[in-house]
Structures are given as C-alpha cells and as structure tokens.
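Chemist: Sequence and predicted model, in that order:
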Amino acid sequence: MAMTPRQIAEDIALCLVFFTRLPLPSFDFRGRALAQAIWAAPLVGVAVGLAGGLAYVVALMLSVPIPVAAALALATTMLVAGCLHEDGLSDVADGFGGGRSREKKLEIMRDSRIGAYGAAALAMSMLLRWSAIAALANPFYAGTALIAAHAASRALLPLFMHALPAARSDGLSAGAGAVAANTAYVALAIGVVALLATSLGGLLASAIVLALVFFAFRALCLRQIGGQTGDTLGALQQVGEIAVLVVASAVLA
C-alpha cells in the first residue's frame with residue numbers, strides 16, 4: 001500500500017470531508033473511492049476526539065462542573081461528526097428490533113423517522129459515553145480517552161467492510177466500493193497505536209473488548225440482514241466508542 005505524501009494527504013482530506021462537518025475547502029479527489037481512502041478513518045477519529053478533549057479542558061478552565069464539562073465534550077464530538085454514526089445506530093436499532101424479515105429490516109433502516117428502539121439506543125449511547133467521560137475527572141485522561149475511543153472505533157470500519165458483503169446493492173456502503181485487506185490492516189494498526197494513549201493495560205483491555213464487539217456484531221448483522229450497510233458501520237462505531245470509553249473509565253479513573 002505504498003502511497004505518495006500527496007495521496008496520503010488526499011485520503012485524509014477525503015475522510016474528513018465524508019466523516020465530519022468541519023468547514024473544509026473544496027478538494028478534487030480525482031475519482032478516489034472512499035474504500036481506498038478509508039484507512040484514514042481512525043485519523044478522523046483523532047481529530048474528533050481532540051475536539052472533544054479541548055472542549056472538556058476549556059470547560060474545566062472556566063470552572064464548569066465536571067458532569068457539565070463531560071456533556072459539552074460529548075456534544076462537541078457529535079457536532080464535529082454531524083451525528084453521522086448516531087444516525088446509523090438508531091436506524092439499526094429500529095430495523096433489527098422492529099423488522100420481521102430481512103427486507104423489512106432494511107426498509108425500516110432506510111426510513112428517516114426514529115422509533116422506540118432507535119430512541120432508546122441513542123439515549124443509552126449518550127448516557128454511557130457521558131458517564132464514562134465524567135468519571136475521567138482528570139482532563140488529560142479524558143482527552144486521551146476520547147482520542148483513543150474515536151480513533152479505535154473508526155479503525156474497525158474498514159475491516160468490517162472487508163469482512164462482510166454489502167447487504168444491499170445501493171446505499172453508502174455499496175457505493176463506497178470493496179475495501180482491500182491491506183487498507184483494513186493499516187486502519188487497525190492506527191487504531192492500536194491510538195489505544196496506547198490509555199496505557200498499556202488500557203490497550204490490552206480495549207483490544208479484547210473491541211474484538212468481542214466486532215465478532216459479535218458481525219454475527220448479528222449476518223443473521224439479521226446478511227451483510228453490512230452504512231448504518232451498521234455507524235452502529236459499530238458507536239458501540240466501539242462506548243467500549244473504549246468504559247474501559248478507560250475503569251483503567252484510568
């Protein structure tokens with residue numbers, strides 16, 4: 001996977017444009033497919049986590065109580081990422097929870113309206129992440145945990161796209177193209193390095209939990225819809241982020 005510095009920069013820019021709502025200039029990606037550039041997804045996670053960490057630090061400097069600072073940090077990460085993955089989580093919860101057949105599940109996941117399963121999943125996701133961040137009262141620990149969680153959770157996405165077929169012939173995941181094995185492995189390597197921010201013990205514990213999450217969710221998606229979609233990628237990121245933050249709150253708090 002040898003690339004020039006320009007190609008590396010273009011891939012990072014493509015992932016930033018796709019996965020965030022940051023005000024970026026216009027780029028000419030010259031037909032570069034997301035599947036080729038998605039190795040940089042965990043680097044986007046570093047940027048999102050850093051923004052959340054900075055919000056946490058600034059809030060504490062202004063004497064904001066820790067629980068409120070944690071909420072502001074979480075809100076910042078959601079704002080920077082445009083709630084892209086939260087949307088996927090709610091759609092998957094509604095589809096998997098409310099559909100009786102594969103076709104009905106995929107139909108529900110495409111519906112922009114949110115149901116009870118989706119609302120409950122979003123509420124639990126935000127509550128778990130907020131609680132874990134608030135438990136990390138030290139701003140340095142909170143910042144490193146946010147960076148690790150956002151990077152490592154996004155590092156799972158290329159491997160998930162490589163390991164599972166697209167569940168439908170159209171949509172975000174199908175349109176992104178096939179992800180090569182080396183692209184997935186580069187993303188994983190970046191995610192592992194990011195986990196070092198939570199200490200060696202945090203890395204080992206998070207890696208084990210993320211592996212369990214990956215294979216359990218892979219089995220669930222295969223059973224429910226026979227593959228993966230953009231929504232399932234979003235849901236996987238959310239569960240992975242929660243997992244790393246919870247581990248960090250146990251290891252670092």
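Modeler: Everything's here; your move.
Chemist: Pull out the buried positions in the helix or strand containing residue 213.
Modeler: Assigned by DSSP states H and E, residue 213 belongs to helix 200-225. Buried positions in helix 200-225, judged by neighbour count with 16 or more other C-beta atoms under 10 Å: 202-203, 205-207, 209-210, 213-214, 217-218, 221, 224-225. For every residue, glycine as well, the C-beta is placed using N, CA and C.
Chemist: could the residues you listed be laid out in TSV, adding distance to residue 151?
Modeler: Shown next, in TSV, are the buried residues of helix 200-225 (distance: C-beta to C-beta, whole Å):
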residue	distance to residue 151
202	13
203	12
205	16
206	11
207	13
209	15
210	11
213	15
214	15
217	18
218	20
221	22
224	27
225	27
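Chemist: And those, which is closest to residue 24?
Modeler: residue 210 (28.8 Å; C-beta to C-beta).
Chemist: quick one: that closest one and residue 152, what's the gap?
Modeler: For residue 210, the distance to residue 152 (C-beta to C-beta, to the nearest Å) stands at 6 Å.
Chemist: Which neighbours do these two have in common?
Modeler: 240, 244 (C-beta atoms under 8 Å, 6 or more residues apart in numbering).
Chemist: For the helix or strand harbouring residue 106, name the packing helices and strands.
Modeler: Assessed by DSSP H and E, residue 106 sits inside helix 102-110. If you count contacts as 3 or more C-beta pairs under 8 Å, 6 or more residues apart in numbering; DSSP states H and E, helix 102-110 packs onto helix 84-98, helix 200-225.
Chemist: For these, give me TSV that also has mean pLDDT and distance to residue 60.
Modeler: Formatted as TSV, the helices and strands packed on helix 102-110 follow (pLDDT from 0 to 100; distance: least, C-beta to C-beta, whole Å):
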stretch	mean pLDDT	distance to residue 60
helix 84-98	97	25
helix 200-225	97	22
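Chemist: Let's verify the residue at the greatest distance from the centre of the chain: helix, strand, or coil?
Modeler: Residue farthest from the centre of the chain, counting by C-alpha atoms, centre = their mean, is residue 63 at 29.9 Å. When classified by DSSP: H, G, I helix; E, B strand; the rest coil, residue 63 comes out as coil.
Chemist: Now do the contacts for it.
Modeler: Contacts of residue 63 (C-beta under 8 Å, 6+ apart): none.
Chemist: gap between it and residue 201?
Modeler: 32 Å.
Chemist: In the stretch 101-250 of the chain, where is pLDDT below threshold?
Modeler: Low-confidence segments of the stretch 101-250 of the chain, defined by pLDDT under 70: 171-175.
Chemist: all helices for it, in order.
Modeler: With DSSP state H, counting those that start in this stretch as the criterion, the stretch 101-250 of the chain has helices at 102-110, 116-135, 139-163, 172-176, 181-195, 200-225, 230-252.
Chemist: just checking, residue 243 touches residue 209?
Modeler: Yes: assessed by C-beta atoms under 8 Å, residue 243 is found in contact with residue 209 at 4.7 Å.
Chemist: Give me the buried stretch members for stretch 127-146, please.
Modeler: For stretch 127-146, using 16+ other C-beta under 10 Å, the buried residues are 128-130, 132-136, 139, 141-146.
Chemist: Nearest to residue 26 among these?
Modeler: Using C-beta to C-beta, the buried residues of stretch 127-146 come closest to residue 26 at residue 146, 29.1 Å.
Chemist: roughly how far apart are that closest one and residue 102?
Modeler: 36 Å.
Chemist: Over to residue 60?
Modeler: 48 Å.
Chemist: Who has more neighbours out of those two?
Modeler: residue 60 (20 against 16; other C-beta atoms under 10 Å).
Chemist: Mind giving me the packing neighbours of whichever strand or helix holds the more buried one?
Modeler: Using DSSP H and E, residue 60 maps to helix 41-61. If you count contacts as 3+ C-beta pairs under 8 Å, 6+ apart, helix 41-61 packs onto helix 5-19, helix 66-81, helix 139-163, helix 181-195.
Chemist: Residue 150: neighbouring residues, count only.
Modeler: Using other C-beta under 10 Å, residue 150 has 33 neighbouring residues.
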